[in-house]
Structure formats: structure tokens, C-alpha cells
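Asks: Structure for the following, please:
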Amino acid sequence: MAKSVKVAAVQTSPVCFDLEKSIEKVAQYTAQAAQNGADLVAFPEAFLSAYPWRYTFDVTVGAREPRGREWYTKYYNSAISISSPEFDTLRGIAEKNHVFLSIGIIEKDGATLYCNAVIIGRDGTIVSTHRKLIPTAAERLIWGQGAGDGLKVVDTEIGKVGGLICWENYMPAARLALYQQGIEIYIIPHADDLPSWVASMQHIAKEGRCFVISVNQFCKVSDFPSDYPPFTPDHHDRQPDGSPWTPDSILNHGGTCIVGPLGTFLAEPVWDKDEIVYAELKKDDLIGSRMDFDAVGSFSRPDIFSLTVNTKPGINVTIN
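Replies: As a prediction, this is how the structure comes out:
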């Protein structure tokens, strides 16, 4: 790892269901973070171009409605392919600002959508991609499952970088797969704004003896199209207190934070506002933290425990 690395975590919302305008926000915030000296800029889960809050596209057990198919089509069309001009624009943003760019995308590959966390290098090359291994709850209706080829940590000029998406971080074996690779900068794009989530981020940093960048959206109803079904007056969905949704209703409160390898905050959680959260990561803090605990070293007991990871890509059709 470099002796010192400045990182930035961007807490804001995309322009939901609008890929072009969401990419413009990526460019804006990345430039601002780079001007403030960031080496790495991280955006939340599903930033391009929506985490579809409160909507299962009108799917119920045994039934699918025409309106849901129409909105799923809009969602698909606002997703991004890695082999597309839009993705080339992202690569250009990283290169122009000379930063590592970590961003959560809804990736379209063929007919399937995946929740993906992508890291792009300073020169615009793809450092890594990681598809969410198993989408959480109703997410399974709209996103496919990732494979073991995305469970990797990449050795870069700023350190060994990798991460998991949202509730994948509650999968002990997935975390261990990253620890085994010596992860130093652990990036976690997510959509969980519960106080217990922050405690989990501190636990992972302390368990893995690594830096954790936990980056979430701050998102309101007004960030979605005005005719987005869950928030229209004729829809049955209501706020948790039973009141109707308004444009200013908050869907995700944020809580973006950065944690050091002893589980202490380098940047405290930020709530209910757009903000770029910064922290300085120092290599010596990693070294000192591992004096008394190393999840895959002094505390690993390989004579008792082992983890095997299938790193083959999830391809089910091969044409010879």
C-alpha cells in the first residue's frame, strides 16, 4: 500500500432512471473530489442509474402486470453495459481526473441485469468488476446472481483494493475470501441506512484489519420520475408512519463513513444530506493494527479451518 492515500466517498443520489444525467453527476462529483486531492473516489450501490426503491415492478406470486413490464423496460434501458460508449465515458472520467473510480452500476449483459461494483484505474482501464453474489430479498426479482470470478482483491499503486456490495458483507465466507487476499482498502457500496449497519462496518474493519469505505446514497422521492409508481397518489405504498409520500420524503438517509483498521472512525457517518466524505489512509496504521490480530495470519489456524472459492465465471452456455 502507498504510504498515504486520500479517499473520497460520495453520498448523493443519481438522477434515477436517467443514465446520461447520472453520469453527469459522476463527472461533477469526481472532479470536485479530485480537486480536493482524492486518489480514490467511491460512489454508492446502483448509482447508474437507480436503486428502485419501494418497487417490485408489480410482481406478486403467480402474477406479473403490464405496468411492471413497462417500468422494468425503463429500468433496463437506464442500466449500463460494460461494452458501451456510456461506460467509456466513465473510463474517461477516471482518466481525466487521474483517480481510481469505484462505482455501483446496474449492468446489463444480454437480457439480464446485475448489481455490479466496478473499479476503474487512473488510466481508464478496468481494475475489477464484482457482481453481487446473491441479491437481497425482492432484489432477486430483478438482478441476476454473480459468480466467484468477482471475488478478488487487486494489487494497485494505492494498495490492495476490493470489496463486497451491501448485504453480501453479512456472508462470512465472502469476507474471508477477501481477507485471504490481503485486502487493505475494502470498498462497500450499499443501500442500508440502519444504525446497525454502521456497527457492521466497524466490525469488518476491525476483523479484517483493513480500511473500510462505506458509501451510501442520500435519496429522496424527488430523485425519481414524477410518475414512478410507488410514489403516485393512486398507489397503495405509504411511508412507514402511514402518511403518503411527498417529493421531500427521504428514502435513504445515507450514513456514509470511513473506518480505520481498529474499528474507529476516520470519518464519522453523515446523515440526511449530499456530501463528499474524505479520509487519509495511512499504511502504518495497517501495520500496527495487525500486531495482535491477523484474520488470515496469526489467528487463522489453517490446520483446522480452510476456505475454498470457486473462481470460475458464471457462464452456462459455451459455444465451441
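
Asks: Quick check: buried residues in the lengthiest helix in the chain?
Replies: If you go by DSSP state H, the chain has its longest helix at helix 19-35. For helix 19-35, a neighbour-count test (16 or more other C-beta atoms under 10 Å) marks 19, 22-23, 25-26, 29-30, 33-34 as buried. Heads up, the C-betas are built off the backbone N, CA and C, glycines and all.

Asks: repeat for stretch 152-164
Replies: Residues of stretch 152-164 classed as buried by neighbour count (16+ other C-beta under 10 Å): 152-154, 156, 158-164.

Asks: Tell me the one of the buried residues of helix 19-35 nearest Ile213?
Replies: Nearest to Ile213 among the buried residues of helix 19-35 is Ala33, at 12.3 Å by C-beta to C-beta.

Asks: What about the residue lying closest to the closest one once chain neighbours are set aside, how many residues nearby?
Replies: With sequence-adjacent residues excluded and distances taken as C-beta to C-beta, 6 or more residues apart in numbering, Ala33 is closest to Ala8, at 3.8 Å. Ala8: 26 surrounding residues under other C-beta atoms under 10 Å.

Asks: by contact count, what packs against whichever strand or helix holds Ala8?
Replies: Assigned by DSSP states H and E, Ala8 falls within strand 4-11. When contacts are defined as 3 or more C-beta pairs under 8 Å, 6 or more residues apart in numbering; DSSP states H and E, strand 4-11 packs onto helix 19-35, strand 40-42, strand 211-216, strand 254-259, strand 275-282.

Asks: Now distance to Ser128 and mean pLDDT too, for these, in JSON lines please.
Replies: JSON lines is the format used below for the helices and strands packed on strand 4-11 (distance: least, C-beta to C-beta, whole Å; pLDDT from 0 to 100):
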{"stretch": "helix 19-35", "distance to Ser128": "18", "mean pLDDT": "98"}
{"stretch": "strand 40-42", "distance to Ser128": "13", "mean pLDDT": "98"}
{"stretch": "strand 211-216", "distance to Ser128": "15", "mean pLDDT": "98"}
{"stretch": "strand 254-259", "distance to Ser128": "20", "mean pLDDT": "98"}
{"stretch": "strand 275-282", "distance to Ser128": "18", "mean pLDDT": "98"}
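
Asks: export those to TSV and tack on distance to Glu95?
Replies: Putting these into TSV (distance: least, C-beta to C-beta, whole Å) gives the following:
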stretch	distance to Glu95
helix 19-35	11
strand 40-42	13
strand 211-216	21
strand 254-259	25
strand 275-282	20
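
Asks: Quick one: closest of the ones you listed to Arg67.
Replies: helix 19-35 (21.5 Å).

Asks: Dump the strand holding Ala8 to CSV, restricted to CA.
Replies: The C-alpha coordinates for strand 4-11 follow below in CSV (Å, rounded to 0.1, in the frame of the first residue of the first chain):
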residue,chain,number,x,y,z
SER,A,4,-0.7,7.6,2.5
VAL,A,5,-3.9,7.6,0.3
LYS,A,6,-6.7,10.1,0.3
VAL,A,7,-10.1,8.7,-0.4
ALA,A,8,-13.5,10.2,-1.1
ALA,A,9,-16.9,8.6,-0.6
VAL,A,10,-19.7,10.4,-2.5
GLN,A,11,-23.1,10.5,-0.7
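
Asks: related to what we said a few turns ago, output the longest helix of the chain as PDB, restricted to C-alpha atoms.
Replies: Output in PDB follows, covering the C-alpha atoms of helix 19-35 (Å, rounded to 0.1, in the frame of the first residue of the first chain):
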ATOM      1  CA  LEU A  19     -28.300   7.300 -17.300                       C
ATOM      2  CA  GLU A  20     -27.000  10.300 -19.100                       C
ATOM      3  CA  LYS A  21     -27.700  12.800 -16.300                       C
ATOM      4  CA  SER A  22     -26.500  10.400 -13.700                       C
ATOM      5  CA  ILE A  23     -23.100  10.100 -15.500                       C
ATOM      6  CA  GLU A  24     -23.000  13.900 -15.500                       C
ATOM      7  CA  LYS A  25     -23.300  13.800 -11.700                       C
ATOM      8  CA  VAL A  26     -20.400  11.200 -11.600                       C
ATOM      9  CA  ALA A  27     -18.300  13.600 -13.600                       C
ATOM     10  CA  GLN A  28     -19.200  16.600 -11.400                       C
ATOM     11  CA  TYR A  29     -18.500  14.900  -8.100                       C
ATOM     12  CA  THR A  30     -15.400  13.100  -9.300                       C
ATOM     13  CA  ALA A  31     -13.900  16.400 -10.500                       C
ATOM     14  CA  GLN A  32     -14.600  18.000  -7.100                       C
ATOM     15  CA  ALA A  33     -13.100  15.100  -5.200                       C
ATOM     16  CA  ALA A  34     -10.000  15.100  -7.400                       C
ATOM     17  CA  GLN A  35      -9.600  18.900  -6.900                       C
END
